[in-house]
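S.K.: Pasting a predicted model and its sequence here:
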Number of protein chains: 2
Amino acid sequence: MDSNSKKAIRNIEDEDYIPNLSYDSVIFGFNGEQLKILILEYHNTGLFALPGGFVKRHESLDDAVKRGVLERTGLDKIYFEQFHTFGSLTRSDSDVMKRILLGNSFDLDTNKWMLDRFISVAYYALINYDKVTLKPDLLSDSINWYAIDELPPLMMDHEKMVDKALNVLRNNIEKKLVGMNLLPSKFTMKQLQQVYEAILGENLRRTTFQRRILGMNILERHEKLYQGKAHKAPYLYSFK
Amino acid sequence: MDSNSKKAIRNIEDEDYIPNLSYDSVIFGFNGEQLKILILEYHNTGLFALPGGFVKRHESLDDAVKRGVLERTGLDKIYFEQFHTFGSLTRSDSDVMKRILLGNSFDLDTNKWMLDRFISVAYYALINYDKVTLKPDLLSDSINWYAIDELPPLMMDHEKMVDKALNVLRNNIEKKLVGMNLLPSKFTMKQLQQVYEAILGENLRRTTFQRRILGMNILERHEKLYQGKAHKAPYLYSFK
């Protein structure tokens, strides 16, 4: 299956990939205060997109996502979760793909499989963006974090993907926070509230938030966090 | 794209379909008491499977699922929801597909695209099985409801699909019940408890269940349902 290594570097061999199937990733970054999304800009096109890619014939879908995101962003060992497969007839745009291929000096003929219809499996991840160094890949001018309310216009149905990912995240915020390791294993109520506020995109009242969260019975209370005035020390919590 | 109508009926034309991509459906049936799943048995193979199929090049993924399930089960106008795309390298089994094709007198050569690797988008639905009449398709001996704790052994990764669908359903039971129209628009606490018990697969204590549900603040209380002794009439509820 790997007899194509002699061909020009500016081809992505269609024999190596499953046709008509791609993936895209919504990578949420959070640094304790702000929620951002990772966006690529393609060379010479002015097109902004979610990091995505294709699935090799001999790799699992999950491995393709890990490989692709590592190659395209430099991010390793991210915990991804699938949230939806986008399969409408109108989502693919061969003109957009042409611009990307031409903008990167790809040959249109040998790469025409990329102009076909693609059904795309979308994944999301939630990471601490202070801890990563990004590197754009060959195809991209830049890769950057954008605040969720300041995204550039995204190509094809990528804005729909972001909306859906945000919805899934917001609707399952308790479950996701436990799995995603965004907080230290013990945290204060204030830290937890900051995560909620960033993800939900709104300010919450401290007393209401605290009552709601404690009522959910998902937290275990530990010792107090002493720093500064002892009588004001907040309790530490962990997820049960 | 439809130039193949003269060919033998026992071919499914590969040019018509997106290669390497299929769907499968976990159709939960509920009649107010028991939760069951719809299972097909393939002709002359002894193989049991979830209803599934392929996506045509010129139809959306969602439309393919609707069309396929209608053709294969006679079920129309079901509300489906995607829950996961299965993309492991080991999930496809060309021997199983060969048995199905041979058991149905398909020609292996012209249908060999079906022996390839498939990534499968899985959907689930929740319907009232008292209200449907099933009809098996050409490929299948029978199509039947099986109680979730009495399923026959399923082919390939279809048991994994059922487990995952059940998990999603159980973890989101409140949200799903609202969307799935399993209950009449106004229902009693007892009816609601029966749905929960069937989906969760366990008996619940009436008082605990009632307190938990009312605490969720998802129900609106209406008039009493008078039948028999008036002083025992239960309240009717609807989802907010």
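M.R.: In hand now; what should we look at?
S.K.: Show me the beta-bridge partners of the spatially most central residue of chain A.
M.R.: Nearest residue to the geometric centre of chain A (CA atoms, centre = their mean): residue A:27, 1.5 Å. Beta bridges link residue A:27 to residue A:125 when assigned by DSSP bridges.
S.K.: so what's residue A:166 up against?
M.R.: Applying CB atoms under 8 Å, 6 or more residues apart in numbering or on different chains to residue A:166 gives the contacts residue A:148. In this view, the C-beta of every residue, glycine as well, is placed from N, C-alpha and C.
S.K.: Quick check: phi and psi at it.
M.R.: phi -60, psi -40 (degrees, to the nearest 10).
S.K.: Tell me, what's the model's pLDDT at it?
M.R.: On pLDDT, residue A:166 comes in at 93.
S.K.: Do me a favour and average the pLDDT over the strand or helix carrying residue A:99.
M.R.: For residue A:99, the host element (DSSP states H and E) is helix A:94-103. Mean per-residue pLDDT for helix A:94-103: 89.
S.K.: who does it touch, helix- and strand-wise?
M.R.: With contacts taken as 3 or more CB pairs under 8 Å, 6 or more residues apart in numbering or on different chains; DSSP states H and E, helix A:94-103 sits against strand A:35-42.
S.K.: can you tell me which residues contact the closest residue in space to residue A:96 that isn't next to it in sequence?
M.R.: The shortest distance from residue A:96 to any non-neighbouring residue, by CB to CB, 6 or more residues apart in numbering or on different chains, is to residue A:155 (5.3 Å). Applying CB under 8 Å, 6+ apart to residue A:155 gives the contacts A:47-49, A:93, A:96.
S.K.: same thing with residue A:33?
M.R.: Applying CB under 8 Å, 6+ apart to residue A:33 gives the contacts A:194, A:198.
S.K.: returning to that earlier point: please work out which residues outside the helix holding residue A:99 touch it.
M.R.: Helix A:94-103 has contacts (CB under 8 Å, 6+ apart) with A:42-45, A:47, A:107-108, A:111, A:114-116, A:139, A:155-156.
S.K.: at 10 Å instead, please
M.R.: Helix A:94-103 is contacted by residues A:10, A:12, A:42-47, A:49, A:93, A:106-108, A:111-112, A:114-118, A:139-141, A:155-156 when judged by CB atoms under 10 Å, 6 or more residues apart in numbering or on different chains.
S.K.: which two in the contacts of residue A:155 are spaced the farthest apart?
M.R.: The span of the contacts of residue A:155, defined through CB to CB, is set by A:48 and A:93 at 13.8 Å.
S.K.: Pick out whichever of the two has more residues nearby.
M.R.: Counted by other CB atoms under 10 Å in any protein chain shown, residue A:48 and residue A:93 do not tie: residue A:48 has more neighbours, with 21 against 14.
S.K.: Setting aside sequence neighbours, what's the nearest residue to that one?
M.R.: Nearest one to residue A:48, counting by CB to CB, 6+ apart, is residue A:152 at 4.4 Å.
S.K.: Wasn't the one you found part of a helix?
M.R.: No. Membership of residue A:152 in a helix is not supported by DSSP: H, G, I helix; E, B strand; the rest coil, which gives coil.
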